[in-house]
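# Predicted model follows, preceded by the sequence.
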Amino acid sequence: MSTKTTTQRDVLGTSALRPDGIAKTQGDFAFSSDYTAENMLWGATLRSPHPYARIVSIDLSEAWKINGVETILLASDVPGKLTYGLISSDQPVFATDVVRYQGEPVAAVAADHPETCRRALAAIRVVYEVMSPLSTIEQALDPSTPPIHPEGNVFRHQRIKSGNPDIVGDVVVEGTYEIGMQDQAFLGLESALAYPDPGGEGVELVVATQWLHEDQKQIADCLGLPREKVRLTLGGVGGAFGAREDISLQVHTCLLALRTGRPVKMQYSREESFFGHVHRHPGVIHLRHHATRDGRIVKIEGTMKLDGGAYASTSSAVLTNGVTHLQGPYKCENALIDSWVVRSNNPPCGAMRGFGVVQACFAHEGQMDKLASALGLSPVEIRLINAMETGDKLLTGQPVDSVAPVARCIRETDAIPLPPPLDVTPGSLALPGGSGRTTDPGHVKRGVGWGVSIKNLMYSDGFDDTAEARCTLSNGVATVKFATAEVGQGFVILAQQIARSVLGVDTVVLDTIDTKIGSAGSTSASRQTWMSGGAVDGACRRVRERLFEHIAHQHGLDPHQLDIEDTDIVDTMGPLRVPVAQASAGLTIEETFLHRHRATEELDENGQGNCHVAFAFVAHRAVVDVDTELGLVKVVQVATAQDVGRVLNPLALLGQLEGGIAQGLGLAVMEEIVVDNGIVRNPSFTDYLLPTALDAPDVVAIPIEEYEPLSPLGAKGVGEPPCISVTPAIVAAIRDATGRDLSRTPVRPQDICGV
Amino acid sequence: MTTNEMYSLTVNGEHRDVRDSWIGESLLYVLRERLGLMGSKGACEQGECGSCTVLLDGEAICSCLVLSASAVDCDIRTIEGMSPLGTPSDVQQAFVEEGAVQCGFCTPGLVVAVHHLLEHNPDPAPLEVKEALSGNICRCTGYGRIFAAVEKVVEVRKANGAGR
């Protein structure tokens, strides 16, 4: 270790600030919706009002008569592949003969003004023969139900059969848990601007997405263009949370631009956004836990059924993720679990922060509380007795070789002081009903609940989601290039911190995020710190090696004895000390690095296989005040200790923890897309409620910092775990306050005070 | 989609002509698409999320809910007017330093809302801050760092005021 006093530099481990932060506060940062072009047209989408209908005819004649309408496109205008999709290409660019969900695109227009677009859409006459929608999971699983799509009504069935299925525990608890459909509700609505190449030979798209290269592939296929003719640049992304992993307006925008030969901008309204992206899968999970008299889980039996909606998206992967996490962060050797994800005429579902594990966790944590109560143990005791450790085997047979400080997460959360009692002075804004005279303090009951979870990091099931990055060092300035979607999580900060740490530079320029470099994979699955972080680290290290070789050669030294200390290259065995800026003067060293995680396996028919890369763990304890008369809930405090590996940026980490907790709170007490026989009843922020500043609990967060040797930077992904077990913790706290057996999330007022 | 209407708005102290605008355009649309002031964001079109917050005669309002042509006699202050010389305001600086910015889409509206709050209540209690900002939805941060940013501004302003 160097004894030299270091000045604070924004290297790994510090709370380095966002390079785009000031611009974002000043309104200068260009989100995808802020792009505009000369001679630009606006695009808009006509969507089906019916969840299931046959298209009898489409009459465009009245729409064409409207001044300012430049083009109208139907399925017959799609030059390439007529369908797209992340895993299975089963979703039409525009519906042809059948619409399978309310909001399915049927046509698109380009016109001179958004209002002209609206009028043109209203003037298109589509005659539908309305059919009865397939709207329940049970209906989809019934073999006598006619298929609503050529690929059938079941996206995937996955069984997990492990150990001895005949073993019986001393104690058996059973529960059925239901999870509502949650929306990602990012603030920055879907938007893109497409610039056609002259002659229509290609197109450039500025878009807010999570995965530029996957978009590029799917768009090019539908446009019938070679991939390199479709060039994507990341427009500023106003949040994502999974909802930008699938194609929404990308293909439509490009088609309109290519057809008109003019730049076209598309931008969804909030209502359209609810129909334009996939949501979190709703589902029903039934579990039966067997345990010994001293509280050890010996077997888990059950079923998990998810509704994937009309098209596949990532449903099959969500199911695999969900079912392989149904045991939670607990030791167990025996299981028989069946799981299905089905197709229906409900809104398509796919990726959302937590990806199947949110649903699984709600169920397994409900079971843990039932076990505790059956055995006379506390929620903490039952979880500590069963807490998973490194070296344990999952029900899939996969050994957990990640750092697994589950017990520590629980203990440190438990040690966080509970909040003071409710302030019942008149006018208190802290009451569940807020500042009005809604809540009678005499009806308020306090409850405490627990949730603990395990979450896989990176893609699973045999998918090789690599990430590429390039680093160029010249005259003491590092330039880093990657296609990693910055969606708000802060990879742009991390990339700069890595380059500063590895190369000893202070100025790190971030190149444009686009498809002029290899894929970074998706900004999802808590994977970019590990994957793109690994790629940036690898590229910077290669550059450093070459710089060391250069300096070593100049001074007749072995490059292996050189090191970086702050902003200097130093000889660890001699007096040499050269500032990096000086050492790299007049040089340009460029290196590219492809980071690849270790291979995973697909699950076999019994759900066996090393399907995941690595795992992270977290514990949550929630304290709530419930107005038991009105069914109102105020989440007072959430305490959490999260397994994060090495802390790379404490401030950014805290932001992920607090933000994820708020989303999990939303799913616990307010957020649900209400779907009634295929019809969405609340596609707006007036009716789909999101946590506001007044709903935000006090969060007390402790990072459990144990270096993860599997990770290139020693850090685990931290994005998803915060939102997973906080939901069951809050619902458990409401159970504790009310004595009600709440088996459904979000908890509604009628669940609390209904008869 | 144009008419021959012409009117003027006073935005950040400047008179700005709005030409050929359709009369149904919201103030948010005109600020963004006619005047090129892209700092105000649209995210719900219903006055629920606060991303489009501007000051209209000193009051924080949702510009998506105001017809542009109805704002002709008003003093409109947008996020672009919060740091007219480019130097970040204390609120903007605190937002970055305290980690209140992630995706940043809600940020301009929140910055306007915080300036508005502190102009009217320089030393708000924590629950008053929550109440004042409850019309601005942030989906990324969970609000904790936003509260920290407000606290920091209040502290610094108090310290500076005490020193004067």
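Cool, the structure landed.

# switch to C-alpha atoms for all contacts and neighbour counts from now on
Noted.

# burial measure for residue 104, as a count.
I went with chain A, as the question did not name one. 27 (other Cα atoms under 10 Å in any protein chain shown).

# That was the other one, I meant chain B.
Per other Cα under 10 Å, the neighbour tally for B:G104 reads 33.

# what's the answer for A:W340, then?
24.

# wait, it sits on A:H157?
Yes: contact criterion Cα atoms under 8 Å: A:W340 and A:H157 qualify, at 4.4 Å.

# Tell me where chain B has strands.
For chain B, applying DSSP state E gives strands covering B:6-11, B:14-19, B:53-56, B:59-62, B:75-77.

# and those, which is most packed in?
Stretch with highest mean neighbour count among the strands of chain B: strand B:53-56 (a mean of 26; mean count of other Cα atoms under 10 Å in any protein chain shown).

# export it as CSV, just CAs?
The C-alpha trace of strand B:53-56 is given here as CSV (Å, rounded to 0.1, in the frame of the first residue of the first chain):
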residue,chain,number,x,y,z
THR,B,53,-44.1,22.5,-14.0
VAL,B,54,-43.5,26.1,-14.8
LEU,B,55,-44.2,29.3,-12.8
LEU,B,56,-47.1,31.3,-14.1
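
# what's next to it, contact-wise?
B:40, B:60-63, B:74-79, B:108-110, B:112-113, B:116 (Cα atoms under 8 Å, 6 or more residues apart in numbering or on different chains).

# And that strand, how far out from the chain middle?
In terms of Cα atoms, centre = their mean, to the nearest Å, the centre of strand B:53-56 is set 5 Å apart from its chain centre.

# what pLDDT, on average, does it get?
Strand B:53-56 comes out with an average pLDDT of 98.

# so A:A696 makes contact with B:Y143?
Yes: the pair A:A696 / B:Y143 is scored as a contact, 6.7 Å apart, by Cα under 8 Å.

# who's more crowded, those two?
Ranked by neighbour count (other Cα under 10 Å), A:A696 and B:Y143 place B:Y143 first, with 29 against 24.

# ok, now how distant is that one from B:A100?
Relative to B:A100, B:Y143 is positioned 7 Å away (Cα to Cα, to the nearest Å).

# In contact with A:V726, which residues?
Listed by Cα under 8 Å, 6+ apart, the contact set of A:V726 reads A:W450, A:G451, A:H620, A:R621, A:A622, A:V638, A:I661, A:G664, A:L665.

# Just those residues: which are in strands?
Judged by DSSP E, the contacts of A:V726 include A:W450, A:G451, A:H620, A:R621, A:A622, A:V638 as members of strands.

# now the fourth one, which residues is it bridged with?
To tie it back to what came earlier, the one meant is A:R621. Applying DSSP bridges to A:R621 gives these bridge partners: A:W450, A:A639.

# Pretty sure it sits against A:T413.
Yes: at 6.9 Å, A:R621 counts as touching A:T413 under the criterion of Cα under 8 Å.

# Kindly point out which residues are neighbours of both of the two.
Shared contacts of A:R621 and A:T413 (Cα under 8 Å, 6+ apart): A:A639, A:T640.

# Quick check: end-to-end length of stretch A:506-524?
Note: stretch A:506-524 ends 29 Å apart using Cα to Cα.

# quick check: mean pLDDT across it?
On average, stretch A:506-524 scores 98.

# ok so, going back, near chain A, which of the contacts of strand B:53-56 show up?
Filtering the contacts of strand B:53-56 for neighbours of chain A using Cα under 8 Å from any Cα of the partner chain leaves B:S40, B:I79, B:P108.

# What is the neighbour count of the last one?
The criterion is other Cα under 10 Å. On that basis, B:P108 has 30 neighbouring residues.

# Contacts only, for it.
Listed by Cα under 8 Å, 6+ apart, the contact set of B:P108 reads A:K24, A:T25, A:Q26, A:G27, B:G39, B:S40, B:K41, B:S51, B:C52, B:T53, B:I79.
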